[in-house]
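Q: what follows is a predicted structure for the sequence shown.
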Amino acid sequence: MLGTFIIGLREGLEAALIVGILIAYVNKIGRPELARRIWLGVLLAIALSLGVGALLTFGTYSLTFRAQEVIGGLLSIVAVGLVTWMIFWMLRTAHSLKGELESGIDKAISESGTGLVVIGFVAVAREGIETALFLWSAARASGDAPGAIFGAVLGLGTAVALGYLVYRGMVRINLAKFFTWTGAALIVVAAGILAYGIHDLQEAAILPGPWSTAATTAPAWMQSLYGSSAWAFDVSSTISPDGFLGALLKGTIGFTPQSTWLEVIAWFAYLSITMTVFLVLNYRKNQARATAVRVPQTQGA
Amino acid sequence: MKAAITSSLAILATFGLASCAESNPEGSARIAVESSNDACTLSTNTAPAGTIVFKVKNTGDKSTEFYMMAEDGVEIIGEVENIAPGLSRDLTVEVEAGNYQTLCKPGAAEDKVGEAEFVVTE
């Protein structure tokens, strides 16, 4: 039961955090009705994943390993793109909130309406099929492991509860802090998802990694991305991948006890570039807003 | 934005269709695998080329993973993870004739258990 609990928690946490933050965001900008679009995407992804998972478990079709890795890997990278777009969209709309351009905001939001459905969908669908296959395998094993399905559902439930707690915490803090913290948190989560997507594509031997061999003519730096030299670190003896701590680290900052250089490089590059751009833009907007608020007051005095 | 939506839908559609058409376990070899804490036992270590379905059952007390590797032990032909204790999961692969390796990873750590040869015949 503990085994399935931890897998459920790990598979559900990232999606729960992203959805929690997005729902907090649309509530914060006074557009709670937009949460329905995110939920629509989430529900579509859950229904599709469970359906496909059931078809693969109980039907006559199956999904090859490579197809599953490619779906997971590419959807992860698409999710990173969408979440990044979302962060900068937040930044743009957030700071004109109290301004006079209300119609402009409404336009931006209605344009992004489909975007919100797709984000909700991709956030859940990227690991949805794997999670559904795991859930159905737990459901099917009721004779051998009666607690398995209970543990799996409890794990996913705990992930959702943690997402909800983040949502509650986010709703309470003040607006300026809210945008800084949600943006920064999403960037950290997205960096982890990017690394994970790269890992999937490495396992499928689409990107160079420990599971593929370099051409003998490749330059030395490229050779080092292949085979056993592709590993950056392995602390799986200290932080067990199937333990509770491992699940929490994986589900929040996307840390895997065993990472390849390509994962580490992509993680670091995405995090440093996106975070810098975000913090600079956020700072400038805050300054601009502070000035905009002060100017009318001085004129009025 | 539109491009992102279109591309993600295209990915889903392409692989959704491709993967469904790819394999039909009715006409394929089915091999039972038992992954315990210290062994990785297959009902047979040979199968004809084509679709092979490994039905992996975890009889140990740690979550496990099952791998089919190429002969070099580097390339992953197929992998199924998140097999909690007591659960069974399937790994479907499409393979050509040749020599391969099979192994389990109880605890999902790097310690390989029960590495063995697997022969795919014409």
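A: Sure thing, it's come through.
Q: which residues touch the residue in chain A that chain B sits nearest to?
A: Of all residues in chain A, the one sitting closest to chain B is A:Ala145 (2.6 Å; C-beta to the nearest C-beta). Just so you know, the C-beta spots here come from the backbone N, C-alpha and C atoms, and that holds for glycine as well. The contact partners of A:Ala145, by C-beta atoms under 8 Å, 6 or more residues apart in numbering or on different chains, come to A:Met1, A:Thr4, A:Ala138, B:Ala84, B:Pro85, B:Gly86, B:Leu87.
Q: repeat for A:Val166
A: Contacts here follow C-beta under 8 Å, 6+ apart; on that basis A:Val166 touches A:Leu17, A:Gly20, A:Ile21, A:Ala24.
Q: secondary structure element holding it?
A: Following DSSP states H and E, one finds A:Val166 within helix A:148-172.
Q: of all the residues in that helix, which ones are buried?
A: Buried residues in helix A:148-172, counted by 16 or more other C-beta atoms under 10 Å in any protein chain shown: A:148-149, A:151-156, A:158-160, A:162-163, A:166-167, A:170.
Q: that helix: what's the following helix or strand?
A: Once helix A:148-172 ends, the next helix or strand along the chain (criterion: DSSP H and E) is helix A:175-203.
Q: buried set for that next one?
A: Applying a neighbour-count criterion of 16+ other C-beta under 10 Å, one finds A:178-180, A:182-203 buried in helix A:175-203.
Q: the bottom helix or strand of chain A by mean pLDDT?
A: The helix or strand with the lowest mean pLDDT-type score in chain A, counting by mean pLDDT, DSSP states H and E, is helix A:102-111 (a mean of 54).
Q: tell me if B:Ile31 really is in a strand.
A: Yes - secondary structure of B:Ile31, determined by DSSP: H, G, I helix; E, B strand; the rest coil: located in a strand.
Q: run through the bridge partners of it.
A: Residues in a beta bridge with B:Ile31, per DSSP bridges, are B:Phe54.
Q: quick one: least confident of the buried residues of helix A:148-172?
A: By pLDDT, A:Met170 ranks lowest within the buried residues of helix A:148-172, coming in at 81.
Q: number of nearby residues for the closest residue to that one other than its chain neighbours?
A: Setting aside the residues directly before and after it, A:Met170 is nearest to A:Ala24 in space (C-beta to C-beta, 6 or more residues apart in numbering or on different chains), at 3.7 Å. Per other C-beta atoms under 10 Å in any protein chain shown, the neighbour tally for A:Ala24 reads 21.
Q: if I look at A:Ala24, how far off is A:Arg36?
A: Remark: distance between A:Ala24 and A:Arg36 (C-beta to C-beta, to the nearest Å) = 15 Å.
Q: for stretch A:49-69, buried residues please.
A: A:49-50, A:52-53, A:55-57, A:61-69.
Q: pLDDT of it, averaged?
A: Here stretch A:49-69 scores 85 as its mean pLDDT.
Q: CA atoms of that stretch as CSV?
A: What follows is stretch A:49-69 as a C-alpha-only set of coordinates in CSV (Å, rounded to 0.1, in the frame of the first residue of the first chain):
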residue,chain,number,x,y,z
SER,A,49,-6.0,9.2,-19.6
LEU,A,50,-8.3,6.9,-17.7
GLY,A,51,-10.0,5.9,-21.0
VAL,A,52,-6.8,5.2,-22.9
GLY,A,53,-5.3,3.5,-19.8
ALA,A,54,-8.3,1.2,-19.5
LEU,A,55,-8.2,0.4,-23.2
LEU,A,56,-4.5,-0.5,-23.0
THR,A,57,-5.0,-2.5,-19.8
PHE,A,58,-8.2,-4.4,-20.6
GLY,A,59,-8.4,-4.2,-24.3
THR,A,60,-6.5,-5.9,-27.1
TYR,A,61,-4.3,-2.9,-27.9
SER,A,62,-1.1,-1.9,-26.2
LEU,A,63,1.2,1.0,-26.3
THR,A,64,4.9,0.4,-27.1
PHE,A,65,7.5,1.7,-24.7
ARG,A,66,8.9,4.1,-27.2
ALA,A,67,5.5,5.7,-28.1
GLN,A,68,4.8,6.1,-24.4
GLU,A,69,8.2,7.8,-23.7
